[in-house]
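A.B. asks: how would this look folded up:
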Amino acid sequence: MLSSKEPDPIDVEVGRRIRSQRNICGLTQTALGEQVAVTFQQIQKYERGMNRVGASRLKAIAFALGVTVSFFFDGVSDPRSSGSNDGHIETDVLEFLGSGEGLVLNKAFVRVRNPKVRRNVVALVVAISKISNSDEGSLS
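C.D. replies: Purely as a prediction, here's the structure:
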């Protein structure tokens with residue numbers, strides 16, 4: 001059972017998805033807050049999972065971010081139940097896509113028009129990830 005001061009894992013995941021989509025949309029916490037009639041501090045609390053987002057507010061946030069309410073729950077299993085950790089990879093991807101690095105990388109990648117170059121970039125990143133995750137390899 002969670003202590004009263006620990007955020008619920010599902011609220012944390014919903015918050016991560018709000019933050020990620022907000023960043024993808026290029027909105028600040030203040031701008032999103034203005035669109036849904038709350039302060040930026042409240043958006044911060046939602047994004048950290050510290051405050052639970054009510055149904056009507058979640059609908060307003062979804063509208064402001066151009067997604068459906070189900071976006072915040074698709075593929076999310078209850079982290080409190082025993083089972084696979086398949087959702088962690090999806091969460092990591094969403095979190096990265098919403099980060100500054102993820103946005104810059106994706107915007108730059110989209111501008112690469114040559115399919116061969118795109119495949120080579122993907123192959124390079126895959127190779128780097130294998131090296132950086134191995135115990136033997138190091139790029140520094």
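
A.B. asks: where's residue 44, which helix or strand?
C.D. replies: Using DSSP states H and E, residue 44 sits in helix 40-48.

A.B. asks: Now do that helix: distance to the chain's middle.
C.D. replies: 15 Å (CA atoms, centre = their mean, to the nearest Å).

A.B. asks: in this structure, which segments are predicted with low confidence?
C.D. replies: 1-4, 77-91, 135-140 (pLDDT under 70).

A.B. asks: quick one, longest helix in it?
C.D. replies: helix 115-133 (DSSP state H).

A.B. asks: by contact count, what packs against it?
C.D. replies: In terms of contacts (3 or more CB pairs under 8 Å, 6 or more residues apart in numbering; DSSP states H and E), helix 115-133 is not packed against any helix or strand. Every residue, glycine included, has its C-beta placed from N, CA and C.

A.B. asks: Only C-alpha atoms, please: export it in PDB.
C.D. replies: The C-alpha atoms that make up helix 115-133 are tabulated as PDB, following Å, rounded to 0.1, in the frame of the first residue of the first chain:
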ATOM      1  CA  PRO A 115      16.300   7.200 -47.100                       C
ATOM      2  CA  LYS A 116      19.800   5.600 -47.200                       C
ATOM      3  CA  VAL A 117      21.200   8.400 -44.900                       C
ATOM      4  CA  ARG A 118      18.200   7.900 -42.600                       C
ATOM      5  CA  ARG A 119      18.900   4.100 -42.400                       C
ATOM      6  CA  ASN A 120      22.500   4.800 -41.700                       C
ATOM      7  CA  VAL A 121      21.700   7.200 -38.900                       C
ATOM      8  CA  VAL A 122      19.400   4.600 -37.300                       C
ATOM      9  CA  ALA A 123      22.100   2.000 -37.700                       C
ATOM     10  CA  LEU A 124      24.600   4.300 -36.100                       C
ATOM     11  CA  VAL A 125      22.400   5.100 -33.100                       C
ATOM     12  CA  VAL A 126      21.700   1.400 -32.600                       C
ATOM     13  CA  ALA A 127      25.400   0.600 -32.700                       C
ATOM     14  CA  ILE A 128      26.200   3.300 -30.200                       C
ATOM     15  CA  SER A 129      23.400   2.100 -27.900                       C
ATOM     16  CA  LYS A 130      24.900  -1.400 -28.000                       C
ATOM     17  CA  ILE A 131      28.400  -0.100 -27.200                       C
ATOM     18  CA  SER A 132      27.200   2.200 -24.400                       C
ATOM     19  CA  ASN A 133      25.200  -0.600 -22.800                       C
END
